[in-house]
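1. here is a sequence together with a model predicted from it:
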Amino acid sequence: MKFKTIFGTTGLLLTLFVAAFAADVDGKWTGQVQGPQGAMDITIVLKAEGEKLTGTYASQLGEAPIKEGSIKGDAVAFKVEREFNGTKFTLVYKGKLAGDEIKLTRTMEGDFGGQTPPPTDFTVKRAK
């Protein structure tokens with residue numbers, strides 16, 4: 001019986017810790033990412049509900065909802081669907097939350113005529 005109590009309490013504490021840690025990602029994040037025409041200002045608004053991450057991503061291409069977002073510990077991941085000059089593509093973001101910064105790597109999925117752009121690393125900071 002003691003084992004079940006200890007196991008249950010440990011599981012509950014771990015769940016609460018993960019939920020509390022995930023809440024640290026909530027808010028507005030800003031930064032710059034390199035694009036084909038140079039540096040582009042971006043704003044990301046995030047909200048965590050458990051391990052589910054929702055929000056919006058905005059750049060000079062406009063605002064788009066975050067899809068398939070997750071936060072597990074300090075690991076952040078999400079996708080953003082975009083269209084530019086009639087070409088649809090998906091931006092895939094994966095990174096690590098560290099205090100008031102998220103270090104992200106962006107990769108692109110889509111038909112780029114056999115020329116998929118290389119991954120791009122950048123950092124966004126919590127807007128104050």
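-> Yep, it's here. These numbers were taken from a predicted model, which means no experiment stands behind them.
2. for K67, list each beta-bridge partner.
-> Beta-bridge partners of K67, counted by DSSP bridges, are K79.
3. my error: substitute Y93 in the last question.
-> Counting by DSSP bridges, the residues bridging with Y93 are F78, R106.
4. try I102
-> L97, V124.
5. got it, and W29?
-> Beta-bridge partners, per DSSP bridges, of W29: I44, R126.
6. how many neighbours does it have?
-> 23 (other C-beta atoms under 10 Å). Placement of C-beta: from N, CA and C, glycine included.
7. what about it, distance to F78?
-> Distance, W29 to F78, using C-beta to C-beta, to the nearest Å: 12 Å.
8. would you map the helices across this protein?
-> Using DSSP state H, the helices of the chain run over 2-22.
9. show me the shaky parts of it.
-> With pLDDT under 70 as the threshold, the chain has low-confidence stretches at 1-23, 111-113.
10. go again with 80.
-> 1-23, 35-37, 84, 110-116 (pLDDT under 80).
11. the closest residue to G95 other than its chain neighbours - how many residues pack around it?
-> Spatial nearest neighbour of G95, chain neighbours left out: L104 (3.6 Å); criterion: C-beta to C-beta, 6 or more residues apart in numbering. Using other C-beta under 10 Å, L104 has 23 other residues around it.
12. next, the contact list for L104, please.
-> By C-beta atoms under 8 Å, 6 or more residues apart in numbering, L104 lies in contact with V76, Y93, K94, G95, D121, F122, T123, V124.
13. change it to 7 Å
-> Listed by C-beta atoms under 7 Å, 6 or more residues apart in numbering, the contact set of L104 reads Y93, K94, G95, F122, V124.
14. check contacts around the third one.
-> If a contact means C-beta under 7 Å, 6+ apart, then G95 has V76, I102, K103, L104, T105 as its contacts.
15. rerun that using 10 Å as the cut-off
-> 74-78, 101-106, 121-124 (C-beta atoms under 10 Å, 6 or more residues apart in numbering).
16. just the buried residues of those.
-> V76, A77, F78, I102, L104, R106, F122, V124 (16 or more other C-beta atoms under 10 Å).
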